[in-house]
Structure formats: structure tokens, C-alpha cells
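**Student:** coordinates only, sequence not included:
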């Protein structure tokens, strides 16, 4: 594939994800991608795609996979079809980018990895949250060392809402753990690095009409690493920050459109030593253990380009995927990376038997 060649794309599914996310992003990158076909069982969706993207459409995705002129398949089918349809697309000789969740079990991810290796085709997952501007900035701040050692990172994806669509049903791999949490778990594992953390999870159903959870509380920990407190709730009427970091020299709080952090510099701090006796004021009265630290405060807001955070992150992933397809390099999000995420999900299900399909 030459650098001048557009990557010809077929999209499975023209629902919220296939149309509103993937097709919209790809149509804004005409020098790199061309949507030449979509498939969807719903005729109005097919007609809209033909009109808006100038592509062909199919009721049967298998007919689209049979085409020889498609380089990349976007698998935006319902979640429970991600694994079988991705395997079909790889075996049809197509590269694949699959929506999250990639799978429900790590054994399924292993099968996908084997199929990609056997066919020689690239497989990536649309985990664009690792490219969100505020998350990239948080990583830079942590890596700079100004906060010192990190003790705890709280990640919250909360709202107050009721839900009654197919993504509330376990049979379709619905629920907050598989629908919302893949993004925050992916970020958490990125922050922890190459370790397999201990997992403690509690799931609950609060405002859902289906049989899958809409409340997730998840703790990830490994000795000598920060505790990550991850929450995704549909019953939080007072939505707070998406990130809250406790650290040795200060802390950080982040919303998607702003970050504030403050810290003291050890070299500027008063010299102190441990005192075992009760502290006293100059007049001999009892004293609290206090000091005045010079706290440095900084903030960040996104650039104009970054203000549409989801679009920015999605395009960044697709640009990197284009480079991987053109130059035969590693894709931006590998299935092996996502396998760690799915292993965490499996542990969450094991600890909450009522959430399992085999209950």
C-alpha cells in the first residue's frame, strides 16, 4: 500500500457508533480514507449512508466482505457480534478495527489474536480514550515528577440517567462494565504500566431496565504502584471531576475541558525533623503540627483543535492506524493490550456472580 493510496473502508453497522462516530470521522479524513461500502439491516440507515458518503450498501455484511477492493473493515456491530464478525472479516483478508468491547472473555481475545496472526492482517480496537487531550496532559504531568509519588488515582465516569436499550442486556454483552468502563480501564492500565493488578469490584443495578449492571466500583492495585479507584455510575446526581489524584507533593483534579494541579517543591520546603514529644506554641500551650508550604498552582485548558475531545482522539487513532497500514508497523491499540483489560473484566464478573450469564 503506497503512501498516496487511500485506504478503502467498509463499515459493518450504521447505528450510533458506525455512523455517528466512525463514518463521521472517516469522512473528515478524505486524503487518508474512503468509505466505499456499509452494511446494515435497517434500510433507512443504508439509504442515508449512500446519500451522505456516496458508498454502496448491503443488507448482508457477508456480501461486503466478499469485495476485493476493501482494505479495512470497521466492526461497529452490536457488542455480542464483535468477536465472530471480526474473525470473519480477518479470514476474508481484511484489516479490522473493532469497536469496544472487543470481547467478553480473554479466551476470545486469544482466538482473535491467533486469527490475525494466521491471516497476516492487522487488528486494532477503537479505544480512543487513551488519546483524549486531558488524559494525555495528565500523563505528562505525572511523568514530569512535580507531584512526586502518586498514592491514589480516582477515575469517575458518572452521570444520573435511566437506560432501557439493548446495551442494558447481558445477552448482548451490555452493561456499564463492558460498555463504558473499557475506556477508563484502558487508561488505568496505561497508568499502571506493564503489571497485572489485583482486582476488587462491586457491580449493582440501579436505574437500568435490563439485567446488566449500571453501577461499577473497581479498585486496581499492585504493591509499589498507585491505587486506582475507578467508578462508573448511572446514579450520581452530583457529577464531579473525571480525575482526582492524591500525591506526595500535591494533587490534581481534572474535568474533560480543564485540569488544575498544585504542588510544593521539596527544595523550597522548611527543614523539619521528627519530634516525639507533644508540640507546644511559644507560650507553652498545645500546638497543631502545621507549616506554611509554598504551593505552586498550574492549570490547562484544551486548544481550539482539542476542544472537541472525542473527535480529536478518534482522528488521532485513525491517523496512527493509517500509518500502521501504510508502513506495516504496529497498530495504535493492540489486541494484546486489550486482553489485559478483558482479564480485569473477567475478574469483575467472577466477583459478582449475579452479573454472569451462567448464573
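**Tutor:** Structure received. Since the model is a prediction, treat every value here as computed from it, not as a measurement.
**Student:** only C-alpha atoms for contact and neighbour calcs from this point on.
**Tutor:** Will do.
**Student:** for the protein, what's the longest helix?
**Tutor:** helix 309-327 (DSSP state H).
**Student:** following it, which helix or strand comes up?
**Tutor:** Once helix 309-327 ends, the next helix or strand along the chain (criterion: DSSP states H and E) is helix 335-351.
**Student:** list the buried residues of that following helix.
**Tutor:** By 16 or more other C-alpha atoms under 10 Å, the buried positions in helix 335-351 come out as 335, 338, 339, 340, 341, 342, 343, 344, 345, 346, 348, 349.
**Student:** and of those, the nearest to residue 130?
**Tutor:** The closest of these to residue 130 turns out to be residue 338 (C-alpha to C-alpha; 12.0 Å).
**Student:** which residues of the stretch 151-300 of the chain fall in strands?
**Tutor:** In the stretch 151-300 of the chain, the strands defined using DSSP state E, counting those that start in this stretch lie at 198-204, 215-221, 227-233, 243-247, 250-255, 258-264, 295-300.
**Student:** go on, the stretch 1-150 of the chain?
**Tutor:** 7-12, 33-39, 56-58, 72-75, 95-98, 123-125, 150-156.
**Student:** okay if I get those as TSV plus mean neighbour count, mean pLDDT and distance to residue 258?
**Tutor:** Output for these, formatted as TSV (neighbours: other C-alpha atoms under 10 Å; pLDDT from 0 to 100; distance: least, C-alpha to C-alpha, whole Å):
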stretch	mean neighbour count	mean pLDDT	distance to residue 258
strand 7-12	25	98	34
strand 33-39	24	97	32
strand 56-58	20	96	41
strand 72-75	26	98	32
strand 95-98	24	98	30
strand 123-125	24	97	27
strand 150-156	19	96	15
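**Student:** between these, which gets nearest to residue 259?
**Tutor:** It's strand 150-156; of those, that one is closest to residue 259 (C-alpha to C-alpha) at 13.6 Å.
**Student:** what's the closest non-adjacent residue to residue 268?
**Tutor:** residue 294 (7.4 Å; C-alpha to C-alpha, 6 or more residues apart in numbering).
**Student:** thought the one you found was touching residue 269?
**Tutor:** Yes - at 7.3 Å, residue 294 counts as touching residue 269 under the criterion of C-alpha atoms under 8 Å.
**Student:** which of the strands of the stretch 1-150 of the chain sits closest to residue 225?
**Tutor:** Of all the strands of the stretch 1-150 of the chain, the one in closest proximity to residue 225, counting by C-alpha to C-alpha, is strand 150-156 (7.7 Å).
**Student:** quickly run through the sheet partners of that closest one, with directions.
**Tutor:** With DSSP bridges as the test, strand 150-156 is paired with strand 227-233 (parallel), strand 243-247 (antiparallel).
**Student:** what's the domain layout of this protein?
**Tutor:** When the chain is parsed with automatic domain parsing, its domains come out as 7-127+311-332, 130-306+342-355.
**Student:** now the first one, how far from the centre of its chain.
**Tutor:** On the basis of C-alpha atoms, centre = their mean, to the nearest Å, the separation between the geometric centre of domain 7-127+311-332 and that of its chain is 18 Å.
**Student:** straight-line length of that domain, end to end?
**Tutor:** 16 Å (C-alpha to C-alpha, to the nearest Å).
**Student:** outside of the helix or strand bottoming out on mean pLDDT in the chain, which residues touch it?
**Tutor:** In the chain, no helix or strand scores lower on mean pLDDT, DSSP states H and E than helix 176-179, which sits at a mean of 92. Helix 176-179 is touched from outside by 100, 101, 104, 167, 212, 213, 214, 215, 216, 232, 233, 345, with contacts defined as C-alpha atoms under 8 Å, 6 or more residues apart in numbering.
**Student:** swap in stretch 225-245?
**Tutor:** 150-162, 176-177, 180-181, 184-185, 188, 192, 206-207, 214-221, 251-256.
**Student:** which of those residues are buried, as a PyMOL select command?
**Tutor:** The PyMOL selection below is limited to those of these classed as buried (16+ other C-alpha under 10 Å):
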select buried, resi 150+152+153+154+155+156+157+158+176+177+180+181+184+185+188+192+207+214+215+216+217+218+219+220+221+251+252+253+254+255+256
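**Student:** let's have the strands of the stretch 1-150 of the chain in TSV, adding distance to residue 199.
**Tutor:** Shown next, in TSV, are the strands of the stretch 1-150 of the chain (distance: least, C-alpha to C-alpha, whole Å):
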stretch	distance to residue 199
strand 7-12	34
strand 33-39	39
strand 56-58	43
strand 72-75	30
strand 95-98	26
strand 123-125	23
strand 150-156	15
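**Student:** quick one: closest of the ones you listed to residue 117.
**Tutor:** strand 123-125 (9.3 Å).
**Student:** which strands and helices sit next to the closest one?
**Tutor:** The contact analysis (3 or more C-alpha pairs under 8 Å, 6 or more residues apart in numbering; DSSP states H and E) places strand 123-125 against strand 95-98, helix 335-351.
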